[in-house]
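**Student:** Need coordinates for the below:
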Amino acid sequence: MSIPVGQQSKMNVPSTPQNDAVELASVTVSSRLPEFLCDQPRLWFVQSDAVLGPQKHSDDAKFNLIVSKLNKNIIKQVSDILLNPPETKKYETLKARLLTVYEESETSKFQKLCQDL
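**Tutor:** Sure, this is the predicted structure:
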């Protein structure tokens, strides 16, 4: 008899009030995070950090929550990190890459401002 995928993880971890609370907290946090905003990555991280901060999630948990909010095109930009994450500071590494890729440079902002004049 095969066990549905969603049920397998529940069978491996005994249900305790603490485990149930951690799982519920992760679901709640995930539902409060919007999809990643390519046009406003720094503001998106400000919002995400405001949601994640009080929860005291581990580096792995924050990394996984952020990955869950990335669409197909964004995942392509960070696929090397996702396929081979660093041992430590996974969240910070992913955050730095996303900001590098999607944040507009100061030069680009200046050029855009000059064009608008």
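**Student:** which other residues reach stretch 91-99?
**Tutor:** Stretch 91-99 is touched from outside by 36, 41-42, 45, 59, 62-63, 66-67, 74, 77-78, 81, 85-86, with contacts defined as Cβ atoms under 8 Å, 6 or more residues apart in numbering. Quick note: C-beta positions are derived from backbone N, CA and C, even for glycine.
**Student:** again, 6 Å this time
**Tutor:** By Cβ atoms under 6 Å, 6 or more residues apart in numbering, the residues outside stretch 91-99 that reach it are Pro41, Asp59, Lys62, Phe63, Ile66, Val78, Ile81, Pro86.
**Student:** Stretch 36-48 now?
**Tutor:** For stretch 36-48, with Cβ under 6 Å, 6+ apart as the criterion, the contacting residues are Leu33, Lys69, Leu70, Ile74, Leu98, Leu99, Tyr102, Glu103.
**Student:** pLDDT (mean, whole number) over that stretch?
**Tutor:** Averaging pLDDT along stretch 36-48 yields 93.
**Student:** tell me which residues in it are buried?
**Tutor:** Phe36, Cys38, Pro41, Trp44, Phe45, Ser48 (16 or more other Cβ atoms under 10 Å).
**Student:** All set, thanks.
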